[in-house]
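1. any chance you could fold what I've pasted below:
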Amino acid sequence: EVHLVESGGGLVQAGGSLRLSCAASGFRFDDYAIGWFRQAPGKEREGISCIYSDGTTYYDDSVKERFTISSDNAKNTVYLQMTSLQPEDTAVYFCAAAPRTLAWKYWFVPYWGQGTQVTVSS
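-> I've put the predicted structure just below:
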């Protein structure tokens, strides 16, 4: 059974930082990309970053240069270090796993975590 468990969300002031963690289990990491989506109220869920088993990473333009994704393969855990946070980054952040051959879009994702709230105050 697949499990994706997020932690690390919270409230932070604009300009601050947070680190999200996602502990993954129940599937072959080599076959999947693991990463993060976010969804703000009234908006579509957007894929912001993912990492592949060979270390290749993807970032949406909205978070490039501010967020860094990494993985600890020994712990089967993926991290998202978020810096220079802004109020527009406020959203529920979801850990996700999708087949590595597909684009990082929510409609390709079969496995989701429960989500963690990130709120950035101005």
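2. quick one: pLDDT of the most centrally placed residue in the chain?
-> Centroid-nearest residue in the chain, with Cα atoms, centre = their mean: residue 36, separated by 1.9 Å. Listed pLDDT for residue 36 reads 98.
3. residue boundaries of the strands in the chain?
-> 3-7, 10-13, 18-25, 32-39, 46-51, 57-59, 67-72, 77-82, 91-99, 111-112, 116-121 (DSSP state E).
4. how distant is the shortest one from the center of its chain?
-> When distances are taken as Cα atoms, centre = their mean, to the nearest Å, strand 111-112 is centred 11 Å away from the chain's centroid.
5. before we move on, back to that, bridge partners for the residue nearest to the centre of the chain, pull those for me.
-> Using DSSP bridges, the beta-bridge partners of residue 36 come out as residue 49, residue 95.
6. cool, and residue 13?
-> residue 121.
7. ok, it touching residue 119?
-> No: the pair residue 13 / residue 119 is not scored as a contact, 10.1 Å apart, by Cβ atoms under 8 Å. Every residue, glycine included, has its C-beta placed from N, CA and C.
8. ok, the residue nearest to residue 62 when sequence neighbours are not counted to residue 80 distance?
-> Among residues not flanking residue 62 along the chain, residue 48 sits closest, at 6.7 Å (Cβ to Cβ, 6 or more residues apart in numbering). Distance of residue 48 to residue 80, computed by Cβ to Cβ, to the nearest Å: 8 Å.
9. likewise residue 34?
-> 11 Å.
10. any common contacting residues for the two?
-> Common contacts of residue 34 and residue 80 (Cβ atoms under 8 Å, 6 or more residues apart in numbering): residue 22.
11. how many neighbours does residue 95 have?
-> 26 (other Cβ atoms under 10 Å).
12. so what's it up against?
-> Neighbouring residues of residue 95 by Cβ under 8 Å, 6+ apart: 4-6, 20, 22, 24, 34-36, 78, 112-113.
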